[in-house]
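Student: got a predicted structure plus its sequence, pasted below:
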Amino acid sequence: MTEATMTAAIARSEKEVSERSPLARAFIYAALVAVSFVMLYPLLWMIASSFKPDDEIFTSTSLLPHAFSADAYRRGWNGLSVGFGQMFFNSLVVCILVVIGNLISCSMAAYAFTRLRFRGRGFWFALMLGTLMMPQHAVLIPQYVLFLKLGWVNTIMPLVVPKFLAIDAFFVFLMVQFFRGIPRELDEAAVMDGCGPLRIFLKVILPLSTPVLATAAVFSFIWTWDDFFAPLIYLNDIEKYTAQLGLRTFVDATAQSDWSALFAMSTLTVLPVFILFVLFQRLLIEGIATTGMKR
Amino acid sequence: MASMGDTSPDVGRFARLQDQLAGYGFLAPWLIGFFVLTLGPAVASFYLSLTDYSGLNAPHWVGAENYLRIATDDDRFWTAMNVTFTFVLLSVPLKLLFALGVAVALNKGLKGLSLFRAIFYLPSLVGGSVAIAVLWRQVFSGDGLLNQALNMLFGYEGPSWISNPSTSIYTLVLLAVWQFGSSMIIFLAGLRQIPKDMYEAASLDGASPARQFFKITLPLLTPVIFFNAVIITIDAFKAFTSAFIISDGTGGPIDSTLFYTLYLYQEAFTNFRFGYASALAWVLVVIIAFFTAMSFLSARYWVHYDD
């Protein structure tokens, strides 16, 4: 939906509300504020608690620490045999490679599905849609055995290489939807100028697709950052752990005796997602609204 | 294009060959991925489910034995089914109700819509992470945030919700419902598609807001409800991280949070029963496919398509 129709819709419904009784409006507001408060409180409390001394966590529901201390961050950062700095770096490397892989391979596939004429296109497209619904569990074990045979277990290869092979059909689908909206006249003009498929892809389609590429990049990054299952089965050495695995190991290591350090590291692992959320909120929400993307 | 073909048949054939090459060239990464990482493994995992493969030995053919054992001689499978279905049947309707209710309230054109929308969406963006599962462990522990608040407000001394097998699953349901935000956004988008003049006409006819909701909003929103229900259900069957972190990977206490995916993980990667785990995986795939097919079949009776 375009910004203009959205604004118009909001304006119309605002008029509708002004006709409602003030009491009903106040009631809806109160309910929304109450729900927001309950929903956000645990998150805010987690951040607050990371600055509290440990004994205060179990005696205070307050968001304000009595004695503000950032010491939990120091204890947590170096709380494992490998520092969290290393694990954040590992996560960052995986995320960046996954974003690159997804952008390249998914846009290539989407370009083939929407703009190129070749035998079997409809057939492959139907298969691609089929893989959208398929749960990953069906292929999990043979994939693991394959990566084991290739000597890739305990490396980041199993987390990264599949993304260069357009394994996230969802992003292919997202880009297909977007490419279909790009006027064909632009391609045809480029053909007249003597451009081949590659140059049309690079010079016409991709430059016009920054919104969908940005959406796919941000979602790829966040989902990979938060992913726990794949690193759990593929990474064994603590030096190779991602931040999520490190946090899980830290839960075991502290035996939950140092909750403020645990909360400090939890806060840090959520921070990148939070920053992306603040920066790209509109992009993320529109991406979900228009495609029904989940997570 | 036709004019190019007219000049010479050879040029036309060359152009067509070039089209094939370009098409398959751009599709190559996806094609390789499809065969090597999806189709091949899917076939292989079905074969492995008929063997006793452990990852070390060569797979021995055992026929349907794994499936027979699942059906007749595996208590933990039935426990996992019980836990998973409890989770799905509670979390999916609750999440849908919350998402729909909040979306309808927000759609009344209140000021601050985008702020509320952002607040409600945030949990679904971070909710699947390890950090939030860690937080959940503390909040619902014996001396955690919830019990502190209950004690402060009502003087009630709550139990440890996490370590009590009869309540632990509800903490996970709550965690799932907490992430209603992305469904809510899809509902909001759907609500915006409903023409406003329908409400105006209904108002002129004297229809109450409740009547308008049940006669206009709900029927016109059924395609979105259907879409959300299918996606949320599939997601719920696949839930893993929260149960893993909250139970230290065990599915405890006494298997009360043993999600199907967690049981599958244990069989595959702690017990290294690759053959048996492959059979478990296919049972899950069939269950999900069954639910999805049933939803699509039921759709014709309650989903309202007007175009």
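Tutor: Ah, there it is.

Student: any stretches of the chain with poor pLDDT?
Tutor: By default, I'm working from chain A. For chain A, the stretches flagged by pLDDT under 70 are A:1-20, A:55, A:57-58, A:65, A:255-256, A:290-295.

Student: let me rephrase: I mean chain B.
Tutor: If you take pLDDT under 70 as the line, chain B has these spans: B:1-15, B:306-307.

Student: find the residue at the geometric middle of it.
Tutor: Of all residues in chain B, the one closest to the mean position by C-alpha atoms, centre = their mean is B:Asp235, 0.9 Å from it.

Student: mind listing the helices for the stretch 1-150 of chain B?
Tutor: Under the criterion DSSP state H, counting those that start in this stretch, helices of the stretch 1-150 of chain B are mapped to B:2-7, B:9-33, B:40-48, B:65-72, B:75-106, B:113-126, B:130-139, B:145-154.

Student: and the end-to-end length of stretch B:230-247?
Tutor: 27 Å (C-alpha to C-alpha, to the nearest Å).

Student: and chain A, is that stretch touching that?
Tutor: Yes. Residues of stretch B:230-247 are located near chain A by C-beta under 8 Å from any C-beta of the partner chain, namely B:231-232, B:234-235, B:237-238, B:240-241, B:244-245. In this view, the C-beta of every residue, glycine as well, is placed from N, C-alpha and C.

Student: if I pick B:Leu125, what's in contact with it?
Tutor: A:222, A:273, A:277, A:284, A:295, B:181-182 (C-beta atoms under 8 Å, 6 or more residues apart in numbering or on different chains).

Student: quick one: secondary structure of A:Asn154?
Tutor: coil (DSSP: H, G, I helix; E, B strand; the rest coil).

Student: burial measure for it, as a count.
Tutor: Burial of A:Asn154 is recorded as 14 neighbouring residues (other C-beta atoms under 10 Å in any protein chain shown).

Student: cool, B:Ser166 as well?
Tutor: There are 11 residues near B:Ser166, going by other C-beta under 10 Å.

Student: what separates it from chain A, distance-wise?
Tutor: 22 Å (C-beta to the nearest C-beta, to the nearest Å).

Student: phi, psi for that residue please.
Tutor: Per-residue torsions, B:Ser166: phi -80, psi -10 (degrees, to the nearest 10).

Student: ditto for A:Leu97
Tutor: Dihedral angles (degrees, to the nearest 10) for A:Leu97: phi -60, psi -40.

Student: give the contact list for the residue nearest to it when sequence neighbours are not counted.
Tutor: Excluding the flanking residues, the one nearest A:Leu97 by C-beta to C-beta, 6 or more residues apart in numbering or on different chains is A:Val160, at 4.5 Å. Counting by C-beta under 8 Å, 6+ apart, A:Val160 touches A:94, A:97-98, A:101.

Student: which of those fall within helices?
Tutor: With helices taken from DSSP state H, the overlap with the contacts of A:Val160 comprises A:94, A:97-98, A:101.

Student: domain boundaries for chain A, per the record?
Tutor: A:3-77, A:84-291 (automatic domain parsing).

Student: most packed of the ones you listed?
Tutor: domain A:84-291 (a mean of 19; mean count of other C-beta atoms under 10 Å in any protein chain shown).

Student: got the phi and psi for the closest residue to B:Gly142 other than its chain neighbours?
Tutor: Leaving aside its sequence neighbours, B:Gly142 sits nearest to B:Ser160 (C-beta to C-beta, 6+ apart; 3.5 Å). Main-chain dihedrals, B:Ser160, degrees, to the nearest 10: phi -80, psi 110.

Student: where's B:Ser160 relative to A:Phe263, distance?
Tutor: 19 Å (C-beta to C-beta, to the nearest Å).

Student: before we move on, what about B:Gly55?
Tutor: 38 Å.

Student: dump the helices of the stretch 1-150 of chain B to JSON lines, plus distance to A:Gln244.
Tutor: Output for those, formatted as JSON lines (distance: least, C-beta to C-beta, whole Å):
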{"stretch": "helix B:2-7", "distance to A:Gln244": "54"}
{"stretch": "helix B:9-33", "distance to A:Gln244": "24"}
{"stretch": "helix B:40-48", "distance to A:Gln244": "24"}
{"stretch": "helix B:65-72", "distance to A:Gln244": "31"}
{"stretch": "helix B:75-106", "distance to A:Gln244": "22"}
{"stretch": "helix B:113-126", "distance to A:Gln244": "12"}
{"stretch": "helix B:130-139", "distance to A:Gln244": "5"}
{"stretch": "helix B:145-154", "distance to A:Gln244": "22"}
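
Student: for A:Ser105, which of the ones you listed is the nearest?
Tutor: Among the helices of the stretch 1-150 of chain B, helix B:9-33 comes nearest to A:Ser105, with 4.2 Å by C-beta to C-beta.

Student: name the residues that touch the closest one?
Tutor: Against helix B:9-33 from outside (C-beta under 8 Å, 6+ apart): A:104-106, A:108-109, A:111-113, A:116-119, A:121, A:124, A:128, A:162, A:164-167, A:172, A:196-198, A:201, B:1, B:4-5.

Student: rerun at 6 Å
Tutor: A:105, A:108-109, A:111-112, A:116-118, A:165-167, A:197, B:5 (C-beta atoms under 6 Å, 6 or more residues apart in numbering or on different chains).

Student: ranges for the helices of the stretch 1-150 of chain A?
Tutor: A:3-18, A:22-49, A:54-57, A:71-77, A:84-115, A:121-133, A:137-149.

Student: nearest to A:Pro231, out of those helices?
Tutor: Using C-beta to C-beta, the nearest of these to A:Pro231 is helix A:84-115, at 7.9 Å.

Student: quick one: B:Gly190 and B:Met184, what's the gap?
Tutor: 11 Å.

Student: list the contacts of the residue most central in space within chain A.
Tutor: The centre of chain A sits closest to A:Ile222, judged by C-alpha atoms, centre = their mean, with a distance of 2.4 Å. Taking C-beta under 6 Å, 6+ apart as the criterion, A:Ile222 is in contact with A:273, A:276.

Student: after the helix or strand containing it comes which helix or strand?
Tutor: Taking DSSP states H and E as the definition, A:Ile222 sits inside helix A:210-226. Where DSSP H and E defines the elements, the next helix or strand beyond helix A:210-226 is helix A:229-234.

Student: what's the following helix or strand after that following helix?
Tutor: Counting by DSSP H and E, what follows helix A:229-234 is helix A:243-254.

Student: tell me which of the helices of the stretch 1-150 of chain B lies nearest to A:Ala138.
Tutor: So among the helices of the stretch 1-150 of chain B, helix B:40-48 is nearest, using C-beta to C-beta, at 5.3 Å.

Student: chain B: which of the contacts of A:Val160 is nearest?
Tutor: Proximity of the contacts of A:Val160 to chain B (C-beta to the nearest C-beta) peaks at A:Gly101, which lies at 9.0 Å.

Student: how near is B:Ala202 to B:Phe213?
Tutor: In this view, B:Ala202 and B:Phe213 are 10 Å apart by C-beta to C-beta.

Student: please apply the same query to A:Leu276.
Tutor: Counting by C-beta to C-beta, the gap from A:Leu276 to B:Phe213 is 36 Å.

Student: repeat for B:Arg76
Tutor: According to C-beta to C-beta, B:Arg76 and B:Phe213 sit 45 Å apart.

Student: one more: B:Gly249?
Tutor: B:Gly249 is 45 Å from B:Phe213, by C-beta to C-beta.

Student: between those two, which one's more packed in?
Tutor: B:Gly249 (17 against 14).

Student: does the more buried one belong to a helix, a strand or coil?
Tutor: Following three-state DSSP, B:Gly249 is assigned to coil.

Student: list phi and psi for it.
Tutor: The phi/psi pair for B:Gly249 (degrees, to the nearest 10) reads phi 80, psi 0.

Student: pick the most deeply packed of the helices of the stretch 1-150 of chain B.
Tutor: The stretch of the helices of the stretch 1-150 of chain B with the highest mean neighbour count (mean count of other C-beta under 10 Å) is helix B:130-139, at a mean of 25.
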